[in-house]
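Novice: The following block contains a protein sequence and its predicted model.
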Amino acid sequence: MNPNSACRFVVGRSQLQNTRMAADPDAPELRPLAEGEARLNIEQFALTANNITYAAFGEAMKYWQFFPTGDAEWGCIPVWGFAIVSESLVPGIEVGQRVYGYLPMGSHLVVQPGRIGPAGFTDMAPHRRELATIYNQLTFCASDPGYRADQEGQQAVLRPLFITSFLIDDFLAEAGFFGASQLLLSSASSKTAYGTAFCLSRRRDAGGAPRVVGLTSAANLEFTRGLGCYDEVRTYDEVGQMEPSVPSVFVDFAGNAGLRRQIHEHFAGALAYSCSVGGTHWDALGAGGGLPGPRPTLFFAPAQVKKRGAPPPEGWGAAGLQLRIAEAWAAFMVPVNDPANPWLRIRQTRSADAVEAAYRAMLAGQTNPRDGCMLSL
């Protein structure tokens with residue numbers, strides 16, 4: 001990596017269409033290391049609709065605070081990816097180690113490693129200490145039993161999303177699906193939605209599992225139906241044709257205020273729970289007040305991780321949680337990497353222009369749902 005080209009991609013916090021490349025504040029020439037710090041060279045990262053959700057909820061969920069820009073008008077969107085330790089003044093953090101974790105869309109990241117163990121470390125930088133711990137943990141690839149060098153794209157694109165999918169499935173099942181016989185998933189072609197549908201589909205053989213209905217655009221209808229993890233897939237304009245008396249739960253990955261209102265008004269008293277997850281329709285977001293039926297409730301994955309990671313009998317313990325996620329992930333990778341009909345194709349590009357183009361396509365909803373975007377600066 002040429003240090004003279006070190007940069008970060010930033011966007012307008014209130015105008016997500018505004019973008020620019022800024023100097024990377026963690027580049028070697030701008031920030032010499034202090035004792036207790038290490039520098040990571042960011043090699044590649046994934047960009048998904050989930051990152052658009054991070055930006056859309058940046059203020060409310062504190063996503064802008066992970067990699068502050070020093071300018072209240074501009075924010076750096078967090079991404080998941082891989083980096084190499086290029087400098088270290090920390091015992092136990094060695095130059096050349098490859099790590100996976102939550103990174104800025106940039107060239108470098110200076111971290112303050114703490115809680116260092118065989119599996120990885122936690123970034124203890126002061127501005128991150130009060131943020132959700134799950135986002136501050138970086139994993140040593142050499143110690144990660146699920147890591148495969150030839151599947152870095154699948155890991156960066158899907159694993160963070162799939163963990164959320166797994167937790168949504170667990171949350172709904174624990175609640176007895178709120179007594180519903182039908183689950184409605186918006187933005188059904190999105191990776192977090194179809195990961196959730198996959199987890200739910202594994203319950204089909206169990207008694208009482210609800211039907212899973214995907215809602216998607218006409219453009220993504222064929223792809224979504226072809227996944228096979230939904231019991232039924234409908235386009236958004238078919239919502240009004242559905243039987244309104246069926247006890248239902250709405251799991252909202254789109255965040256589209258108009259669609260949310262239509263669901264609430266159509267199903268009304270039959271809507272048992274309304275779960276807000278994402279904002280893939282970022283330009284149609286709106287408040288959830290004044291709707292018939294249950295008030296939309298935000299699903300926050302770290303809270304479910306904390307609950308399930310607690311020692312038994314309250315939870316499964318950290319090891320038990322990881323074991324369950326790993327088993328589900330291995331099963332998920334079978335259709336994802338199916339040679340005849342893969343759910344995901346990794347597209348890798350490098351350059352500032354490529355990052356800009358990929359972000360704009362993702363923001364406009366113009367990406368192929370089968371493609372997974374891996375980027376480098």
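Specialist: Noted; the coordinates are in hand. Residues are numbered from 1 along each chain as shown.
Novice: residue ranges with poor pLDDT in the stretch 251-377 of the chain?
Specialist: The model of the stretch 251-377 of the chain has pLDDT under 70 over residues 278-289.
Novice: residue boundaries of the strands in it?
Specialist: Using DSSP state E, counting those that start in this stretch, the strands of the stretch 251-377 of the chain run over residues 271-276, 297-298, 345-350, 371-376.
Novice: quick one: which of the ones you listed is nearest Pro118?
Specialist: strand 371-376 (27.2 Å; Cβ to Cβ). Placement of C-beta: from N, CA and C, glycine included.
Novice: now for that closest one, which elements pack on it?
Specialist: If you count contacts as 3 or more Cβ pairs under 8 Å, 6 or more residues apart in numbering; DSSP states H and E, strand 371-376 packs onto strand 38-47, helix 152-174, strand 345-350, helix 352-363.
Novice: To Gly106, which of the ones you listed lies closest?
Specialist: Per Cβ to Cβ, nearest to Gly106 of the helices and strands packed on strand 371-376: strand 38-47, 6.1 Å.
Novice: what packs against that closest one?
Specialist: Strand 38-47 sits against strand 78-88, strand 98-104, strand 108-111, helix 152-174, helix 352-363, strand 371-376, with contacts defined as 3+ Cβ pairs under 8 Å, 6+ apart.
Novice: Just say which of the ones you listed is most tucked in.
Specialist: With neighbours defined as mean count of other Cβ atoms under 10 Å, those peak in mean count at strand 108-111, which reaches a mean of 24.
Novice: domain assignment for the chain?
Specialist: Structural domains assigned to the chain are 3-144+344-376, 156-304, following automatic domain parsing.
Novice: Which of the helices and strands packed on strand 38-47 sits closest to Asn341?
Specialist: With Cβ to Cβ as the criterion, Asn341 lies closest to strand 371-376 of the helices and strands packed on strand 38-47, at 14.4 Å.
Novice: What lies in contact with the closest one?
Specialist: Contact with strand 371-376 is made by 42-48, 81, 105, 152-154, 156-158, 191, 344-351, 354-355, 358, 362, 367, as judged by Cβ atoms under 8 Å, 6 or more residues apart in numbering.
Novice: if we go to 7 Å?
Specialist: The contact list for strand 371-376, computed with Cβ atoms under 7 Å, 6 or more residues apart in numbering, reads 43-47, 153, 156-157, 344-350, 354-355, 358.
Novice: ok, back up a step: JSON lines please, covering the strands of the stretch 251-377 of the chain and showing distance to Pro313.
Specialist: JSON lines is the format used below for these (distance: least, Cβ to Cβ, whole Å):
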{"stretch": "strand 271-276", "distance to Pro313": "25"}
{"stretch": "strand 297-298", "distance to Pro313": "26"}
{"stretch": "strand 345-350", "distance to Pro313": "41"}
{"stretch": "strand 371-376", "distance to Pro313": "39"}
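Novice: nearest to Val111, of the ones you listed?
Specialist: The closest of these to Val111 is strand 371-376. By Cβ to Cβ, the value is 19.3 Å.
Novice: That closest one: how far from the chain's middle?
Specialist: Relative to its chain's centre, strand 371-376 lies at 14 Å (Cα atoms, centre = their mean, to the nearest Å).
Novice: What strands line up against that strand, and which way round?
Specialist: Note on strand 371-376: by DSSP bridges, its sheet partners are strand 38-47 (antiparallel), strand 345-350 (parallel).
Novice: How many residues are close by Val95?
Specialist: Residues lying near Val95 (other Cβ atoms under 10 Å) number 11.
Novice: give me phi/psi at it?
Specialist: The phi and psi torsions at Val95 (degrees, to the nearest 10) take the values phi -60, psi 130.
Novice: What pLDDT does the model give it?
Specialist: Listed pLDDT for Val95 reads 98.
Novice: Which one of the strands of the stretch 251-377 of the chain lies nearest to Trp316?
Specialist: Closest of these to Trp316 is strand 271-276, at 21.6 Å (criterion: Cβ to Cβ).
Novice: quick one, the closest one and helix 152-174 angle?
Specialist: Counting by axes from the mean of the first three to the mean of the last three Cα atoms, to 10 degrees, strand 271-276 lies at 150 degrees to helix 152-174.
Novice: still on that earlier bit, out of the strands paired with strand 371-376, which is closest to Ala268?
Specialist: Checking these against Ala268 by Cβ to Cβ gives strand 38-47 as the closest, at 37.9 Å.
Novice: Packing partners of the helix or strand that that closest one is followed by?
Specialist: Downstream of strand 38-47, the next assigned helix or strand under DSSP states H and E is helix 49-56. Contacts defined by 3 or more Cβ pairs under 7 Å, 6 or more residues apart in numbering; DSSP states H and E place helix 49-56 against helix 352-363.
Novice: Now find how far off-centre the helix it packs on is within its chain.
Specialist: With Cα atoms, centre = their mean, you get 18 Å for helix 352-363.
Novice: I'd like the helices and strands packed on strand 38-47 laid out as CSV, including distance to Gly258.
Specialist: CSV is the format used below for the helices and strands packed on strand 38-47 (distance: least, Cβ to Cβ, whole Å):
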stretch, distance to Gly258
strand 78-88, 28
strand 98-104, 32
strand 108-111, 38
helix 152-174, 23
helix 352-363, 19
strand 371-376, 27
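Novice: quick one: which of the strands of the stretch 251-377 of the chain is nearest Ser88?
Specialist: strand 371-376 (22.0 Å).
Novice: follow-up on the earlier one: just send the helices and strands packed on strand 371-376 back as CSV, with distance to Asp26 too.
Specialist: Converted to CSV, the helices and strands packed on strand 371-376 look like this (distance: least, Cβ to Cβ, whole Å):
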stretch, distance to Asp26
strand 38-47, 7
helix 152-174, 20
strand 345-350, 19
helix 352-363, 17
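Novice: Kind regards, and thank you for your time.
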